[in-house]
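Enquirer: Pasting the sequence and the predicted coordinates here, then a few questions.
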Amino acid sequence: MPHYILHTAEILYSPDFDRPKVGYGLLIDESGTILEAAPIRELLDICDERHDHQVIMPGVVNAHIHLTDAGRTETVPGGEGLVAWIRKLLVDRDAGLTSKEREEAVTRTIDEIRASGTVALGEVVNNEGTLKPIMRSGMRCRYIHELIDFSREGREKIMAEAERLKGAHGWEGNVVHALGAHAPYSISPELMKSIDEWSLANGTYLYQHLAEGPDERKLYEQGEGPWVEFLKMAGAWDESFVPPGVSPILFYDQLGLLSVRFVAVHLADAADSEIQLLARRGVKAVLSPTSNLHITGLLPHVREMVRVGMRLALGTDGRGSNPSMDVFDEARLLHERFPDLPPGTLLRAVTVGGADVLGFPDLGRIRVGSSPGLVAMEINEEVNDLKELERAILSNDAKRERIA
């Protein structure tokens, strides 16, 4: 016999609602599938089990995370810019950890963020090191295999390796695959075009770190700066590279790469005019403000992104630049820095925004027939509208638990 569980809420939030619903209940089965959403009184006679809560909302999505760094106990010192930070990261990434210890660290991190309400991840990797523990966990995940090669000659070899990884796994169930183009300073225009063509053919978005810091702009506008020095030191510099004389965003637009399939991560150095261009092209954004502040001291122009209607999601980045893997902390930081954003902007970003940029349309919303995961909240104040509810949910005093 089926077992029906009723979760009641004084306040039920979903980004698809016109406004939060008061005195509502969700009838779910043991798998977490929502069977009914209605006023509580209409569901009392058809449940086998009942749990009462103050606030219920859909599970949240961490749209950009590097679980490769899950075993780190401290962040890599920042504040000197992205190039300096990456130099330090590469010196001690995974230092002293065995493969088993790394997998155990990934598992612990997933358990922690699942308990606090995260239901899906955008895991960004250069290898397969985190794949097994994610698959075992059952956590929904877009596994974004980042490609790196600034030289023109390496394109065919890199794409062949990407095809090998894609073919080596079933990519069914909780984990699905995509390619990422690491960043403008590590991807040649030729490889960028190949990744775009591959993504179009395979029906996935194209993910890239973009406009993370001013040195990236200097590379493309002037052909000089710290990235040139870094690439030469690493033996990865392409002597035939001719700077286009414009920023990477403008250059990618000239190449026809900016579209509704493009997901730009960070955008901390993007100018308002560039944000307006991205919005016109339908580009989506994933913001990781804690990481940006740690590495470069920059914050993206969130007000302008919201004003022009960019679809936003949030991610924590990795423990190399952020001690917290809880995406609620990213939303809280932005709420504190930009308190005048339209009500619900940040709740939407951590729910439906993240679900959409990772390609999980069944997550991030309360819908009958879906299994979005449910988070119960206990807040310490009375709320009367969405603005007050968002503030209460994102406060440090709110208590959370995953209930489905």
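Expert: Happy to help now that I have it.

Enquirer: Report the secondary structure state of the residue nearest the centre of the chain.
Expert: The centroid of the chain falls nearest to Ala63 when counting by Cα atoms, centre = their mean (1.5 Å). Under DSSP: H, G, I helix; E, B strand; the rest coil, the three-state class of Ala63 is strand.

Enquirer: Please shift the residue numbers so they start at 621 in all later answers.
Expert: Done: numbering now begins at 621, and the last item shifts to Ala683.

Enquirer: Confirm for me that it is in contact with Leu934.
Expert: Yes - using Cβ atoms under 8 Å, Ala683 is in contact with Leu934, at 6.4 Å. From N, CA and C alone the C-beta is placed, and that goes for glycine too.

Enquirer: hey, what's in contact with both of those two?
Expert: Residues touching both Ala683 and Leu934 (Cβ atoms under 8 Å, 6 or more residues apart in numbering): Val906, Val947, Gly973, Gly974.

Enquirer: where exactly do the strands run in the stretch 621-770 of the chain?
Expert: Ranges of strands in the stretch 621-770 of the chain, per DSSP state E, counting those that start in this stretch, are 625-632, 641-648, 654-659, 669-678, 680-686, 738-745, 760-767.

Enquirer: What strands flank the third one, and is each parallel or antiparallel?
Expert: On the basis of DSSP bridges, the sheet neighbours of strand 654-659 come out as strand 641-648 (antiparallel).

Enquirer: quick check: angle from the strand it pairs with to strand 625-632?
Expert: Orientation note: strand 641-648 sits at an angle of 160 degrees relative to strand 625-632 (axes from the mean of the first three to the mean of the last three Cα atoms, to 10 degrees).

Enquirer: mind listing what the closest residue to Gly833 other than its chain neighbours touches?
Expert: Counting by Cβ to Cβ, 6 or more residues apart in numbering, Gly833 lies nearest to Leu702, which is 4.2 Å off, once chain neighbours are set aside. Going by Cβ under 8 Å, 6+ apart, Leu702 touches Glu832, Gly833, Asp835, Glu836, Ile915, Thr916.

Enquirer: With Lys720 as the reference, measure out to the residue in the chain sticking out farthest from the centre.
Expert: The C-alpha centroid of the chain is most remote from Asp665, which lies 40.1 Å away (Cα atoms, centre = their mean). To Lys720, Asp665 is 51 Å away according to Cβ to Cβ, to the nearest Å.

Enquirer: what's the answer for Arg1020, then?
Expert: 31 Å.

Enquirer: Which helix or strand contains Glu855?
Expert: Residue 855: Gly, not Glu. Gly855 belongs to no helix or strand when assigned by DSSP states H and E.

Enquirer: low-confidence ranges in the stretch 921-1024 of the chain?
Expert: Counting by pLDDT under 70, the stretch 921-1024 of the chain has no low-confidence residues at all.

Enquirer: thinking again about what came up before, the more surrounded of Arg1020 and Lys720?
Expert: Neighbour totals were compared for Arg1020 and Lys720, and Arg1020 leads with 19 against 8 (other Cβ atoms under 10 Å).

Enquirer: and the more buried one, that one's in a strand?
Expert: Yes - counting by three-state DSSP, Arg1020 is located in a strand.

Enquirer: What is the burial count for Val675?
Expert: Residues near Val675, counting by other Cβ under 10 Å: 21.

Enquirer: what about the closest residue to Glu650 other than its chain neighbours, neighbour count?
Expert: In this structure, Glu650 finds its nearest non-sequential neighbour in His623, 5.4 Å apart by Cβ to Cβ, 6+ apart. For His623, the neighbour count with other Cβ under 10 Å is 10.

Enquirer: His623 and Leu966, how far apart?
Expert: Counting by Cβ to Cβ, the gap from His623 to Leu966 is 35 Å.

Enquirer: If you count neighbours, what's buried in stretch 862-878?
Expert: Using 16 or more other Cβ atoms under 10 Å as the test for burial, stretch 862-878 gives Pro864, Ser867, Pro868, Ile869, Leu870, Phe871, Tyr872, Asp873, Leu877, Leu878.

Enquirer: hang on, I meant stretch 917-935
Expert: For stretch 917-935, by 16+ other Cβ under 10 Å, it's 918-922, 924-926, 930-935.

Enquirer: Kindly check the end-to-end length of stretch 758-772 for me.
Expert: 39 Å (Cα to Cα, to the nearest Å).

Enquirer: same deal with stretch 755-774?
Expert: 30 Å.

Enquirer: how about that stretch: buried residues?
Expert: 755, 757, 759-771, 774.

Enquirer: which two in those are spaced the farthest apart?
Expert: Farthest-apart pair in the buried residues of stretch 755-774 is Ser757 and Ser771; separation 36.5 Å (Cβ to Cβ).

Enquirer: Gly917 and Leu932, how far apart?
Expert: Counting by Cβ to Cβ, the gap from Gly917 to Leu932 is 21 Å.

Enquirer: before we move on, what about Gly964?
Expert: 12 Å.

Enquirer: Same question for Glu956.
Expert: Distance, Glu956 to Leu932, using Cβ to Cβ: 16 Å.

Enquirer: Contact partners for His802?
Expert: Asn746, Glu766, Leu767, Ile768, Gln828, His829.

Enquirer: could those go into a markdown table alongside distance to Thr628 and pLDDT?
Expert: Output for the contacts of His802, formatted as a markdown table (distance: Cβ to Cβ, whole Å; pLDDT from 0 to 100):
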| residue | distance to Thr628 | pLDDT |
| --- | --- | --- |
| Asn746 | 45 | 89 |
| Glu766 | 43 | 95 |
| Leu767 | 48 | 96 |
| Ile768 | 50 | 95 |
| Gln828 | 43 | 98 |
| His829 | 43 | 98 |
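
Enquirer: Can you tell me which of those is nearest Gly855?
Expert: For the contacts of His802, the nearest to Gly855 is Ile768 (12.9 Å; Cβ to Cβ).
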